[in-house]
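K.L.:
build me a model:
(2 chains)
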Amino acid sequence: MTSQTTTDETIYVIDDDQAVRDSLRWLLESVGHKVETFSSAQEFLDRIDASCSGCLLLDVRMPGMSGIELQGILRERGYYVPIIIITGHGDVPLAVRAMKAGALEFVEKPFNDQLLLDKVQGCLTHAQSRRHDQQAKADIIGRLERLTRREREVLEAVICGNPNKIVADQLGISVKTVEIHRSRVMEKMSAGSLAELVTLCIKAGIHTGKP
Amino acid sequence: MNTASVRRRRLVAAITLAVLISSAAANTEVVIGVLAVHGSQRTLARWQPTADYLAQKISGYRFVVRALSADGLQQAVNAGKLDFVLTDPSNYIVLRRRYGISRIVTLRNRAGGQIYAKCGAVIFVRADRRDIQHLRDLKGKSLMAVSGESFGGFQLAWLTLLRHGVDPFRNLSRLMFNGYPEDDIVYAVGNGEIDAGTVPSGVLESMAAQAKIDITRFRVLNPRTTPGYPIRHSTPLYPDWPLSKTGNTSDELTRKIAVALLTMAQNDPAAQRGNYAGWAIPLDYGSVQRLVRELRIDPTAETPTLDQLVRANWQWAAMALVIVLFLLAITVYVARLNRRLKASSASLQRALDERRRASAEMQKLSSAVEQTADLVMITSPNGVIEYVNPAFERVTGYERQLVVGATPNLLKSGVHDSEFYARLWHTLVRGEVFSAVFINRRQDGALYYEEKTITPVLDSRGEVRYFVSTGKDITDRTLAEQRARQHEAEFAHVARVSTMGEMASALAHELNQPLAAIVNYARGCTRRLRSGNVTPEDLMVLLTRIAEQGERSGEIIRRLRNFMSKNESNRTLADLNEIVREAASLANLEARHRRVKLHLELQPRALMVLADHIQIEQVVLNLVRNAIEAIHNADSARRQVTIRTARTSSGAASVCVHDTGPGLDIQDEEALFGTFFSTKKDGMGMGLSISRSIIEAHGGQLSVSETSDAGTAFIFTLPRTSDDKPNDNG
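P.N.:
Take a look at the predicted model:
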């Protein structure tokens, strides 16, 4: 069962119907998910912050702030949470609007539990890998910041594919010095090869334009 | 003396006339004008059975069908000679604009074995005409239609042709109007007399079904597909013929007719003779209105402003003003004259009465008792009948010699319980007057209602010498009231069913909630049982929650069934707060659907009213749904409906439904509450009208007011009942 895995991610359930909310908690917890429930979009906004991580199960039709309005506010605040829209019978046009506003998935009430759990798992995996990517990027940027100005210049010249001699000419220093800087760069960036160094730089968003 | 006797004779004549008029009113004539497309003989033959059907369903009226041309219909409506109009959709739009007629039901037709309330037209050629593939290919060709005034037989094709760049009056080599029957147009196309033809949709199919034509020899131009309408058609579909009421028709009669027609079976003999399949809730004629405008079928549609009219006709206006002033002067003069005449006549009358009274007091009394329309019965102190008057004989059917010597027990119907008679004797024995409505039995076994007063006549010693019973036969009135109530109840039921139809989507949505919860709980249990991490205590809690959700769905269904039930009008003592709660839980289904919050502010004490609780619930639901719709349509930022109950200063119970919508344009409160007034596209427009008549039938009032924050508030009151006092104090 793919959905049996436990993760640190939380599933946020927003539904104004107490029974639906409670039953979703029961179902999701039965496979080991962490669940928090909210009776309205406003309550959710009041209680969470940017560090929230996981996925959002959102009833599209609620009194007060609508699901679509909530999506807009989350986007404005720069919170990233993948959203699964819950729709009732015959709400397809509304679901389509929600998907256009950026929801990842939608499920129809009453749910097929396996389908719902699979979609939740999909979203969590999505959220998790995105979080890992972001952590990795922050890590690389941290390493880049430890380079000296000269080392940084050497790095940028090297990842363009230039041999040491040309780098030496470009920077007006000796080949020997380039070699020393280059080995320090490899060390500080903890890269084993040029290919690895280039990959790290791409992940951190440094361009490796050809000369 | 002489003038007095002349006046007396006039008085008698006036009374006779009034009696004649009122007896005629018992069988009022209702005239239905029908557009005669097939000539008046066939039109009468087609619609008389429907008139007979109405006469059979609605007592007290005679229904007359008048077959009229379009012009004739217009003149008759203008002259106020018609109560109802049955005409084609475009003519209806013209008459609605000019004379304010309004539709109450839409005809349903049968085509290809199915029933529709919509119709269209086909434009067709012979299948082998390769040169005509599209409508635009008809340029320079000939076309045969029914007539210029025919809605399905020409006007629909006309608009569709215009849309395809073909003006039938300019671009065709020939435009022929062949009249009825439509079959001849089909034959003419079939044998090549004409290039193309147009007839109402369904004609080809029904001719093929009767083996009059081989339908594969014809090809429909611009064939359209409309889901749920498998009949060939080249034009968009429009609503079928409406039956409309004119301005001078009463709402009560209109409602009776709407109910009678809506409940007509599709295969009723009247429908079969009329070649139709019953009647539907009136459709939206907006599409027909656009057609009429585009084809300029109604040349007077652009009405000049009052200002222009006055400018153009100022001489007439001035003359009219002079005449009005003159008439006013005459009226004042005559009124003054009348008043003086009346005064002198009254004093003469008084003098006369004085003299007669003195001479014929005794004779008058006995003949009064003999001749009065009221039932009079005199019994001895122990209840033996000593005298009954002719009115008693007439109403009960018992002759005088048969009842004198018997006791009034022979009239007993068994309707009243022993407590009733105990109360009667208890009162009389104390020498007091007893009044009540008695339901007794005639000699022929039928029941009659008598509003009776029994007075003990005492002698000088204070002993009872006689009991005198006088009473009015109120059987007709009572039965008529019961029938009216029954009718009102049926109509309310039709409206409730229609309301539930409109709410179907919200209902489905609401039933889905507990179902989703049940499925989630059950699936969660299965998973936990499989993985073994669940305790029996957990399961107990969960099974209880599942049961609760099952009960919740059951409760929604119970409310629905209760609301849809066809109860006989049935008034009981009920708590208005309870009724409002019940209605609010139904309305909440729709409120959630429209993202509107319902807010209840109920008076803490019970508000007892004597009412038909389902009908009152229906009124509350109607008002709340209107409020939700107003908010939804305006897409208001604040989305709340407040329902408040209270006790007014005069002791009546009141309910106020207040929305945060944009407010109504309350220019014409009467029109707002009139039957079939609607701002909705698919509503029947009888919500407010039926609500008002339900409230008024309960002795209350329904009114509307704008509120300070732009919303609208509907308020109704129900009179206080004497029984709720203890409740109020305790």
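
K.L.:
just want the most central residue of the chain.
P.N.:
Unless you meant another one, I'm taking chain A. A:Arg130 (2.7 Å; Cα atoms, centre = their mean).

K.L.:
wrong chain, I was asking about chain B
P.N.:
B:Arg255 (2.0 Å).

K.L.:
for the nearest residue to it once chain neighbours are set aside, phi and psi?
P.N.:
Distances taken as Cβ to Cβ, 6 or more residues apart in numbering or on different chains place B:Phe491 nearest to B:Arg255, at 5.3 Å, with adjacent residues excluded. C-beta coordinates here come from the backbone N, C-alpha and C atoms, glycine included. In terms of degrees, to the nearest 10, the main-chain angles of B:Phe491 are phi -70, psi -40.

K.L.:
which bits of chain A sit near chain B?
P.N.:
Contact residues (Cβ under 8 Å from any Cβ of the partner chain) of chain A with chain B: A:16-17, A:19-20, A:22-24, A:26-27, A:29-31, A:61-64, A:66, A:88-91, A:109-111, A:113.

K.L.:
so which strand or helix has residue 85?
P.N.:
You didn't say which chain, so I picked chain A. Using DSSP states H and E, A:Ile85 sits in strand A:83-87.

K.L.:
should've been chain B
P.N.:
strand B:84-86.

K.L.:
and stretch B:143-161, how far apart are its ends?
P.N.:
Using Cα to Cα, to the nearest Å, the end-to-end distance of stretch B:143-161 comes to 11 Å.

K.L.:
in that stretch, what counts as buried?
P.N.:
B:143-146, B:149-161 (16 or more other Cβ atoms under 10 Å in any protein chain shown).

K.L.:
before we move on, back to that, list the residues that contact the residue nearest to B:Arg255.
P.N.:
B:Arg255, B:Lys256, B:Ala258, B:Val259, B:Ile690 (Cβ atoms under 8 Å, 6 or more residues apart in numbering or on different chains).

K.L.:
what is the longest helix along chain B packed up against?
P.N.:
For chain B, the longest helix by residue count, based on DSSP state H, is helix B:314-371. Here helix B:314-371 touches helix B:2-25, going by 3 or more Cβ pairs under 8 Å, 6 or more residues apart in numbering or on different chains; DSSP states H and E.

K.L.:
before we move on, the earlier item: mind checking which of the buried residues of stretch B:143-161 are in helices?
P.N.:
B:Leu156, B:Ala157, B:Trp158, B:Leu159, B:Thr160, B:Leu161.

K.L.:
those residues: which two are farthest apart?
P.N.:
Spatial extent of these (Cβ to Cβ) is set by the pair B:Leu156 and B:Leu161 at 9.7 Å.

K.L.:
for the strand holding A:Ile85, output the C-alpha coordinates as CSV.
P.N.:
What follows is strand A:83-87, C-alpha atoms only, in CSV (Å, rounded to 0.1, in the frame of the first residue of the first chain):
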residue,chain,number,x,y,z
ILE,A,83,-4.1,21.7,-2.7
ILE,A,84,-6.6,18.9,-3.2
ILE,A,85,-10.1,20.3,-3.9
ILE,A,86,-13.1,18.4,-2.5
THR,A,87,-16.2,18.9,-4.6
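
K.L.:
please report the distance of B:Ser244 from B:Cys656.
P.N.:
35 Å (Cβ to Cβ, to the nearest Å).

K.L.:
please say which of these two ends up with more neighbours.
P.N.:
Shown here are B:Ser244 and B:Cys656; by other Cβ atoms under 10 Å in any protein chain shown, B:Ser244 has more neighbours (26 against 18).

K.L.:
and the more buried one, that's in a strand?
P.N.:
Yes - under DSSP: H, G, I helix; E, B strand; the rest coil, B:Ser244 falls within a strand.

K.L.:
which residue, other than its chain neighbours, is closest to it?
P.N.:
With sequence-adjacent residues excluded and distances taken as Cβ to Cβ, 6+ apart, B:Ser244 is closest to B:Ile101, at 4.2 Å.

K.L.:
ok, now which ones touch the one you found?
P.N.:
By Cβ under 8 Å, 6+ apart, B:Ile101 lies in contact with B:Val77, B:Val85, B:Tyr92, B:Leu95, B:Ser244, B:Lys245, B:Thr246, B:Gly247.

K.L.:
where do the strands sit along chain A?
P.N.:
With strands called from DSSP state E, chain A shows them at A:10-14, A:34-38, A:54-59, A:83-87, A:105-108.

K.L.:
got the contact list for the longest one?
P.N.:
Read that as strand A:54-59. A:9-17, A:20, A:24, A:34, A:41, A:44, A:67, A:70, A:81-86, A:98, A:103-104, A:120, A:123-124, A:126-127.

K.L.:
show me what the helix or strand bottoming out on mean pLDDT in chain A is packed up against.
P.N.:
Sorting the helices and strands of chain A by mean pLDDT, DSSP states H and E puts helix A:92-100 at the bottom, at a mean of 80. Packing partners of helix A:92-100 (3+ Cβ pairs under 8 Å, 6+ apart): helix A:67-77, strand A:83-87, strand A:105-108.

K.L.:
buried sites along the first one?
P.N.:
If you call a residue buried by 16+ other Cβ under 10 Å, then helix A:67-77 has these buried ones: A:Gly67, A:Ile68, A:Leu70, A:Gln71, A:Leu74.

K.L.:
for the first one, which non-adjacent residue is spatially closest?
P.N.:
Meaning A:Gly67. In space, A:Gly67 is closest to A:Val60, 4.2 Å off (Cβ to Cβ, 6+ apart).

K.L.:
against A:Ile14, how distant is the one you found?
P.N.:
10 Å.

K.L.:
residue ranges in chain B under the pLDDT threshold?
P.N.:
B:1-26, B:112, B:299-313, B:358-359, B:362, B:567-569, B:664-686, B:707-710, B:722-730 (pLDDT under 70).

K.L.:
now the nearest residue to B:Arg96 once chain neighbours are set aside: how far from chain A?
P.N.:
Distances taken as Cβ to Cβ, 6+ apart place B:Ser102 nearest to B:Arg96, at 6.6 Å, with adjacent residues excluded. B:Ser102 sits 32 Å away from chain A, going by Cβ to the nearest Cβ, to the nearest Å.

K.L.:
quickly list what B:Ser102 is bridged to.
P.N.:
Legend: beta-bridge partners of B:Ser102 under DSSP bridges are B:Lys245.

K.L.:
which element is B:Trp425 on?
P.N.:
Using DSSP H and E, the element containing B:Trp425 is helix B:418-429.

K.L.:
that helix: what's the following helix or strand?
P.N.:
strand B:434-441.

K.L.:
tell me the buried residues in that following strand?
P.N.:
Neighbour count says strand B:434-441 has B:Phe434, B:Ala436, B:Phe438, B:Ile439, B:Asn440, B:Arg441 buried, by 16+ other Cβ under 10 Å.

K.L.:
would you agree the first one is in contact with B:Thr427?
P.N.:
Yes - taking Cβ atoms under 8 Å as the definition, B:Phe434 is a contact partner of B:Thr427 at 4.4 Å.

K.L.:
mind listing what residue 141 touches?
P.N.:
Using chain A here. If a contact means Cβ under 8 Å, 6+ apart, then A:Ile141 has A:Ala204 as its contacts.

K.L.:
that's the wrong chain, I wanted chain B
P.N.:
B:Lys141 makes contact with B:Ile132, B:Leu172, B:Ser173, B:Asp195, B:Ala196 under the criterion Cβ under 8 Å, 6+ apart.
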